[in-house]
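Peer 1: my questions are about this predicted structure, shown below with the sequence.
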Amino acid sequence: MDHAATREEALARIAAAQDLGALEALRVEFLGKQGSISGLLKTLGAMSPEERQVAGPQIHALREAVSDALTGAKAALESAALEAQLASETVDLSLPAPETQVGTVHPVSQVMDELAEIFADMGFAVATGPEIEDDWHNFTALNIPESHPARAMHDTFYFPDKDGEGRDMLLRTHTSPVQIRSMLQVAKDSPGGAPIRIIAPGRVYRSDSDATHTPMFHQVEGLVIDKGITLGHLKWTLETFLKAYFEREDIVLRLRPSYFPFTEPSVEVDVGFALVSGPDGKSRRVLGGNGDEPGHGWMELLGSGMVNRKVIAAGGLDPDEWQGFAFGVGVDRLAMLKYGMDDLRAFFDGDVRWLAHYGFSPLDVPTLSAGVGARA
Ligand code: PHE
């Protein structure tokens, strides 16, 4: 049997294929498992040795020719597609640049950059964790067992399905699970354990919504694990951070006993402010000064404490050897206090007028030397 006709037809159809999809269809038609040429190859088995000696090389040559044609056509179509793409993506360098800068850095991003800069100067690295968490990392490992009322207080968004290990899945309600993840990582990577110095900025979620609460907001977690760490280290760290962040030396902190399941003792940190009357006659709170002075007050700013022994153990470290402190603070809140916005919801409206007003220049990167809060 002569396959010249089959071959001519196949090669003509391959040459005429307009795109990679059509080519792939032809490959399947000829060379696929049920393909016509594959079918021919299968007939070899039933032939006599003499017949096979003649037909074998012919069929193999046919297959080879078709396969080569397919490869060649594929390469040609691909390079034509690339050429077309390159031609359509040329940049017209003669176009003028926009007269005004377009786009700004969101205050939340700006503040997170400022925080990273300030804490890097104190030797902290930036750590991250998943926003979709399991209830072990978000609650149990942080000493919030199943029956604990704090679970209900967190207004958690749960997913309908459990993970592979049978754990409830949720949107993390705080950045504290990154404490656990950081400790476990260190316990695994360096069996000697700590020290750890990290901040963990990121999104957190709670089913809550009004002028000061949005279902998604931002926190930054701080964690230090080392030997002989005390509340004094916590206070110094927070004071140094807040002075650098608010760019004033007269920031005064007040530590108040509080309760968090994952810290013991726990302290709520207040910052002193002065009531100053503005041009409109309304009085504003300006951070700085001792809140106990006349005309001053205290504003609650963040939660913190010494990491609970149970949490250090859940993180895979020996609590007799390692101690530490942790804190968690609202990033949106920090932005509002420094840059003067008063409605949290506007942060997430995506209104370009708000962004143009409160946003920052992408070229104005916060650095300690140039000032962490330079305005756009
Ligand atoms: N995770 C706590 C919250 O979301 C804040 C916190 C963090 C408190 C670390 C103490 C230590 O409210």
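Peer 2: Yep, that arrived.
Peer 1: going by C-alpha atoms from here, please, whenever you check contacts or count neighbours.
Peer 2: Noted.
Peer 1: which SSE is Glu221 in?
Peer 2: Taking DSSP states H and E as the definition, Glu221 sits inside strand 216-226.
Peer 1: okay, buried residues for that strand please.
Peer 2: By neighbour count on 16 or more other CA atoms under 10 Å, the buried set for strand 216-226 is Phe217, His218, Gln219, Val220, Glu221, Gly222, Leu223, Val224, Ile225, Asp226.
Peer 1: tell me the average confidence for that strand?
Peer 2: For strand 216-226, the mean pLDDT works out to 97.
Peer 1: residue contacts, Trp298?
Peer 2: Trp298 makes contacts with Arg254, Asp270, Val271, Gly272, Phe273, Gly291, Asp292, as judged by CA atoms under 8 Å, 6 or more residues apart in numbering.
Peer 1: could you do Ala120 as well?
Peer 2: No contacts exist for Ala120 under CA under 8 Å, 6+ apart.
Peer 1: okay, now His233: neighbour count?
Peer 2: Neighbour count for His233, taken as other CA atoms under 10 Å: 14.
Peer 1: what's the pLDDT at it?
Peer 2: pLDDT, His233: 97.
Peer 1: in which helix or strand does it reside?
Peer 2: For His233, the element it lies in under DSSP H and E is helix 231-246.
Peer 1: quick one: name whatever helix or strand follows that helix.
Peer 2: The element immediately downstream of helix 231-246 (helix or strand, assigned by DSSP H and E) is strand 253-260.
Peer 1: give the other helices and strands that that following strand contacts.
Peer 2: When contacts are defined as 3 or more CA pairs under 8 Å, 6 or more residues apart in numbering; DSSP states H and E, strand 253-260 packs onto strand 263-277.
Peer 1: which residues does the strand it packs on contact?
Peer 2: Outside strand 263-277, the residues touching it (CA under 8 Å, 6+ apart) are 251-260, 283-292, 295-308, 325-326.
Peer 1: report the buried residues of it.
Peer 2: By 16+ other CA under 10 Å, the buried positions in strand 263-277 come out as 263-275.
Peer 1: what subset of these is also close to the ligand?
Peer 2: When those are filtered against the ligand using CA under 6 Å from any ligand atom, the residues retained are Thr263.
Peer 1: and the pLDDT at the residue in the chain sticking out farthest from the centre?
Peer 2: No residue in the chain sits farther from the centre than Glu50, which is 68.6 Å out by CA atoms, centre = their mean. You'll see Glu50 listed with a pLDDT of 91.
Peer 1: give me the three-state assignment for whichever residue of the stretch 101-250 of the chain sits closest to the ligand.
Peer 2: Taking CA to the nearest ligand atom, the ligand has its nearest neighbour within the stretch 101-250 of the chain at His174, 4.6 Å off. When classified by DSSP: H, G, I helix; E, B strand; the rest coil, His174 comes out as coil.
Peer 1: can you get me a residue count around the nearest residue to Val105 once chain neighbours are set aside?
Peer 2: Nearest residue to Val105, sequence neighbours excluded (CA to CA, 6 or more residues apart in numbering): Phe360, at 4.7 Å. Using other CA under 10 Å, Phe360 is surrounded by 21 other residues.
Peer 1: torsion angles phi and psi at Phe360?
Peer 2: phi -120, psi 150 (degrees, to the nearest 10).
Peer 1: picking up where we left off before, for the nearest residue to the residue of the stretch 101-250 of the chain closest to the ligand once chain neighbours are set aside, which residues make a bridge with it?
Peer 2: Leaving aside its chain neighbours, His174 sits nearest to Val204 (5.3 Å; criterion: CA to CA, 6+ apart). Counting by DSSP bridges, Val204 is bridged to Phe217.
Peer 1: give me the pLDDT for Val204.
Peer 2: Per-residue pLDDT puts Val204 at 97.
Peer 1: His218 is in contact with that one, correct?
Peer 2: Yes. The pair Val204 / His218 is scored as a contact, 5.7 Å apart, by CA atoms under 8 Å.
Peer 1: what about the stretch 1-150 of the chain, any weak spots by pLDDT?
Peer 2: Scanning the stretch 1-150 of the chain for pLDDT under 70 picks out 1-2.
Peer 1: still on that earlier bit, wait, which of the contacts of Trp298 is closest to the ligand?
Peer 2: Closest to the ligand out of the contacts of Trp298 is Asp270 (13.3 Å), distances taken as CA to the nearest ligand atom.
Peer 1: ok, the closest one to Leu255 distance?
Peer 2: 6 Å (CA to CA, to the nearest Å).
Peer 1: equivalent analysis for Gly129, please.
Peer 2: Using CA to CA, Gly129 is found at 28 Å from Leu255.
Peer 1: what's the helix or strand for Gly39?
Peer 2: Remark: Gly39 resides in helix 36-43, with elements defined by DSSP H and E.
Peer 1: for that helix, buried residues please.
Peer 2: Residues of helix 36-43 classed as buried by neighbour count (16+ other CA under 10 Å): Ile37, Ser38, Leu40.
Peer 1: mind listing what's buried in the following helix or strand past it?
Peer 2: Counting by DSSP H and E, the element after helix 36-43 in chain order, helix or strand, is helix 49-88. The neighbour-count check on helix 49-88 (16+ other CA under 10 Å) flags 52, 55-56, 58-59, 62-63, 66-67, 69-70, 73-74, 77 as buried.
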